[in-house]
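Asks: Got a sequence here, can you build the structure:
(chains A and B)
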Amino acid sequence: MSQTDLEIVVDDPTTPEDDSPSVVSSGTIEIFVCLLLLALAATLGYDNWRTGASWDSTGPEPGYFPFYLSVILGGGSLYGLIAAFVAHRAASESFVTRAQARRVMAVFVPTLLFCLVMQFLGLYVASFLLIAGFMRLVGKIALWKSLLTAFLFTAIMFVTFDIAFDVIMPKGPLEAAFGH
Amino acid sequence: MEAFGLLLHGFAVLLTWKTLVLMMVGLVLGIFVGVLPGLGGPNGVAILLPLTFTMDPTSAIVMLSCIYWGALFGGAITSILFNIPGEAWSVATTFDGYPMAQQGRAAEALTAAFTSSFIGSLVAVLLITFLAPMISSFALKFGPPEFFAVYLLTFCSFVGLGREAKHKTVISMSLGLLLAGVGMDTVSGNLRMTFGSSELLRGINFLVAVIGLFGISEILLTMEERLALRGHAASISLRVVLSVWKDLPKYWVTLVRSSFIGCWLGITPGGAIAASFMGYNLAKRFAKDPESFGKGRIEGVFAPETAAHASGTSALLPMLALGIPGSGTAAILLGGLMVWGLNPGPLLFVEHKDFVWGLIASMYLGNVVGLVLVLTTVPIFASILRVPFAAVAPMIVVSCAIGAYAIQNAMFDIWLMLGFGVVGYVFKKIGIPLAPFTLALVLGNRAEDAFRLSMIGAGGNLKVFWSNGLVGSITTLAIVLLFWPVIDRLLRCVGWPRRAKPAA
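Replies: Numbers count the residues shown, from 1 in each chain, chains lettered A, B, ... in the order given. Coordinates of the predicted model:
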């Protein structure tokens, strides 16, 4: 009836191995997150209490609503902390394996660098570097393909946003040299 | 029949070349986003939102809602051909869709999926057309206490009816409400929770948070998984389409049942995921031969797809009528409304007739155009998956950055986006749901204002939330839903309802 025999096959040469050792368990991360949230709730709660969390002649003070929310957040994270501690005794599943962590870092670190470079060179140059670099170094794609794709994508973005839709992006020395 | 006249007016607003082109662009982008791994409805809408900032609100919402329909259609392609659900609500579609593709019936399965998506959305849009104006005109009588009660109902039903651990939903929601309060207080003008930072003065922008939470974190999560794919290619011929459509009347019970489930769960915050599974399970239970499900039965595609799309579409009903989004994507569209300078709520139907009816008309038109488009272009879109993820990932990161920056032209927002990306990644991995956070962040300020205004009006007496029958019953319902798990257990303890023990 149709050409369903055609198969699409895409391989992933850098697939994380299934037997990679776990870096950290979910339980540990959960405890850590709950502690952070508890600290956040305490900080925000204190700040709102300082702003004024009671009633004055006109009604609730500005800190009233957020103060009680911090109390709820604190309560929720405290409960989560206890629940995570209790569950931690039992076997806990892995939060991330070493192979997975390596792959996540392979995206996160370039993204971080991209945000950093953008401050100095503008968004478009940073985008070009991110796409070309990522394709070449992480994806092991041929250099010319990486450069071409990066250039085309960045150019399309520039035309779409800066020229067609008037959405102005941060620029750096390169764009300045061309008078933008 | 006033709605009908207004709807015709909406079509008149839409039928210009410019809007039709935008509609096509939106649909193509949407299908693209739905097919790509690591992106889906809410992410796509959030990332592409900046494109619409300079448009007039009607064109903008038409394009955005078309991106949404496109993404809904696109999710089915990967589920059926590759056994990879593009979205959580397409999981149930893979149960029978993928076996059908394996048997060489991919075209049939795809036609069934697209057609039932279309039917599901259509039923939901019909519901919106006639129900939304009624609800909104009723809600025009609401004062601050009623509005606060409705917000409370939304929040409480998330906690009480959500499937995640209750304390995690509470954490997610209170964090969202707190972050919504950062910056200048709208009532008193005081600064709150800024800790002297001038960047935090503006507050935490909802869309920046969404781009980080859904876009960046999704890339990180996708990288963890195996990205190799094996799937079937398919092209759909007119003959297959017609033969599937000819059989449609046979399945009317399934279609009607699933549409009903979808609409119900879409309006209440049950969501498309629950709807698709419920649609599938009920179709299976009522079938004469339940064991044939999961082996490539066309009804197994009809049931979840109709329900998921009915639910995804009807989630827009409370957003339009009351300003309360029923899903994550609806929340982002609501964020869009505010950027375009529209004030969500029941007044929308009165003050911005063109906008509302243009949107509703675009739901009809977008679905028809989308169905045709997707049926004819499946092979092209399926081959998008050949593009290596190493090329797609950095492009998505760049799009996210453009989106986050464009909202307020602030470099700080780029860092905020990155931070939310990490938060989203960790939260998803330890099971803290993101939907309540998104909802709380977008509704936070209005919920607080409603609370404070009612308190000021009543001189600080909490009885104002029980001051008349309407507000009293909404508030009571909210509290019942909040404690529903406890109430449910108590009812069971006293032996009510007396259910027969499930057969082993």
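Asks: Which is the succeeding secondary structure element to the longest helix along chain B?
Replies: In chain B, with assignment by DSSP state H, the single longest helix is helix B:106-139. Beyond helix B:106-139 in the direction of the C-terminus, DSSP states H and E gives the next helix or strand as helix B:144-161.
Asks: Contacts for that next one next, please.
Replies: The contact list for helix B:144-161, computed with Cβ atoms under 8 Å, 6 or more residues apart in numbering or on different chains, reads B:139, B:142, B:166, B:169-170, B:173, B:268-270, B:322, B:324, B:435-436, B:439-440, B:443, B:446-447, B:449-451, B:453-454, B:457-458, B:464-465, B:467, B:470-471, B:474-475, B:477-479, B:481-485. The way it works is simple: take the backbone N, C-alpha and C, and place the C-beta from them, glycine included.
Asks: what comes up buried for that helix?
Replies: Buried residues in helix B:144-161, counted by 16 or more other Cβ atoms under 10 Å in any protein chain shown: B:144-161.
Asks: Sitting in helices, which of the contacts of helix B:144-161 do you find?
Replies: B:139, B:166, B:169-170, B:173, B:322, B:435-436, B:439-440, B:443, B:446-447, B:449-451, B:453-454, B:457, B:470-471, B:474-475, B:477-479, B:481-482, B:484-485.
Asks: Among the residues you listed, name the buried ones.
Replies: B:139, B:169-170, B:173, B:322, B:435-436, B:439-440, B:443, B:446-447, B:449-451, B:453-454, B:471, B:474-475, B:478, B:481-482.
Asks: from those residues, which are also near chain A?
Replies: B:V170, B:F451 (Cβ under 8 Å from any Cβ of the partner chain).
Asks: Look at B:A458 and say how many residues are nearby.
Replies: If you count neighbours by other Cβ atoms under 10 Å in any protein chain shown, B:A458 ends up with 16.
Asks: Give me the phi and psi angles of it.
Replies: Here is the backbone geometry of B:A458 (degrees, to the nearest 10): phi -100, psi 10.
Asks: For B:L242, the count of nearby residues, please.
Replies: 11.
Asks: Tell me the secondary structure of it, please.
Replies: helix (DSSP: H, G, I helix; E, B strand; the rest coil).
Asks: Tell me who's in contact with the residue of chain A found nearest chain B.
Replies: Proximity of chain A to chain B (Cβ to the nearest Cβ) peaks at A:G139, 2.3 Å away. Counting by Cβ under 8 Å, 6+ apart, A:G139 touches A:S146, B:P388, B:F389, B:A390, B:A391.
Asks: hmm, which two among those residues are most spread apart?
Replies: Within the contacts of A:G139, two members stand farthest from each other by Cβ to Cβ: A:S146 and B:F389, at 13.9 Å.
Asks: What sits closest to the residue most central in space within chain A if chain neighbours are left out?
Replies: By Cα atoms, centre = their mean, the mean C-alpha position of chain A lies nearest to A:F108, the distance being 7.4 Å. For A:F108, ignoring the flanking residues on the chain, the nearest one in space by Cβ to Cβ, 6 or more residues apart in numbering or on different chains is B:L220 at 6.3 Å.
Asks: Quick check, the one you found in contact with A:M105.
Replies: No: between B:L220 and A:M105 there is no contact under Cβ atoms under 8 Å: 9.4 Å.
Asks: higher neighbour count, the two?
Replies: B:L220 (24 against 13).
Asks: So what does B:I236 look like in phi/psi?
Replies: According to degrees, to the nearest 10, B:I236 has phi -100, psi 130.
Asks: what's it in contact with, if anything?
Replies: Counted by Cβ under 8 Å, 6+ apart, B:I236 has contacts A:S2, B:A107, B:L110, B:T111, B:L375, B:T376, B:V378.
Asks: host element of the closest residue to B:R163 other than its chain neighbours?
Replies: With Cβ to Cβ, 6+ apart as the criterion, B:R163 has its nearest non-adjacent residue at 7.6 Å, and that residue is B:A274. Assigned by DSSP H and E, B:A274 belongs to helix B:271-286.
Asks: now swap in B:M55 and tell me
Replies: Going by DSSP H and E, B:M55 is not in any helix or strand.
Asks: which non-adjacent residue is nearest it?
Replies: B:M63 (7.2 Å).
Asks: Go ahead and confirm B:I414 touches A:C115.
Replies: Yes: between B:I414 and A:C115 there is a contact under Cβ under 8 Å: 5.2 Å.
Asks: Point out where chain A drops to low pLDDT.
Replies: A:1-18, A:58, A:89-92, A:180 (pLDDT under 70).
Asks: how about the helices in it?
Replies: Ranges of helices in chain A, per DSSP H, are A:26-52, A:64-89, A:98-133, A:143-157, A:173-177.
Asks: got TSV for those, with distance to B:T78 too?
Replies: Putting those into TSV (distance: least, Cβ to Cβ, whole Å) gives the following:
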stretch	distance to B:T78
helix A:26-52	28
helix A:64-89	34
helix A:98-133	21
helix A:143-157	22
helix A:173-177	38
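Asks: Of all these, which one is nearest B:S79?
Replies: Closest among those, using Cβ to Cβ: helix A:98-133, at 24.0 Å.
Asks: in that closest one, what counts as buried?
Replies: A:99-101, A:103-104, A:106-108, A:110-111, A:114-115, A:117-118, A:121-133.
Asks: and the angle for that helix with helix A:143-157?
Replies: Taking axes from the mean of the first three to the mean of the last three Cα atoms, to 10 degrees, one finds helix A:98-133 and helix A:143-157 inclined to each other by 70 degrees.
Asks: Just give me how far helix A:98-133 sits from the chain centre.
Replies: 12 Å (Cα atoms, centre = their mean, to the nearest Å).
Asks: Go ahead and confirm B:G424 touches B:I216.
Replies: Yes: at 7.0 Å, B:G424 counts as touching B:I216 under the criterion of Cβ under 8 Å.
Asks: more crowded one of these two?
Replies: Neighbours per residue (other Cβ under 10 Å) separate B:G424 from B:I216, with B:I216 holding more: 28 against 25.
Asks: Can you pull the phi/psi pair for that one?
Replies: phi -60, psi -50.
Asks: Chain A versus that one, what's the distance?
Replies: 7 Å (Cβ to the nearest Cβ, to the nearest Å).
Asks: which residue packs closest to that residue, ignoring adjacent ones?
Replies: B:G421 is the one closest to B:I216 (Cβ to Cβ, 6+ apart), at 2.8 Å.
Asks: rewinding a little: hey, what's in contact with both of B:I414 and A:C115?
Replies: In contact with both B:I414 and A:C115: B:A401, using Cβ under 8 Å, 6+ apart.
Asks: Let me know the pLDDT of B:A228.
Replies: B:A228 is assigned 65 on the pLDDT scale.
Asks: Adding neighbour count and distance to B:I211, write the contacts of B:I236 out as TSV.
Replies: Formatted as TSV, those follow (neighbours: other Cβ atoms under 10 Å in any protein chain shown; distance: Cβ to Cβ, whole Å):
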residue	neighbour count	distance to B:I211
A:S2	20	39
B:A107	27	36
B:L110	31	31
B:T111	26	34
B:L375	21	32
B:T376	13	32
B:V378	26	29
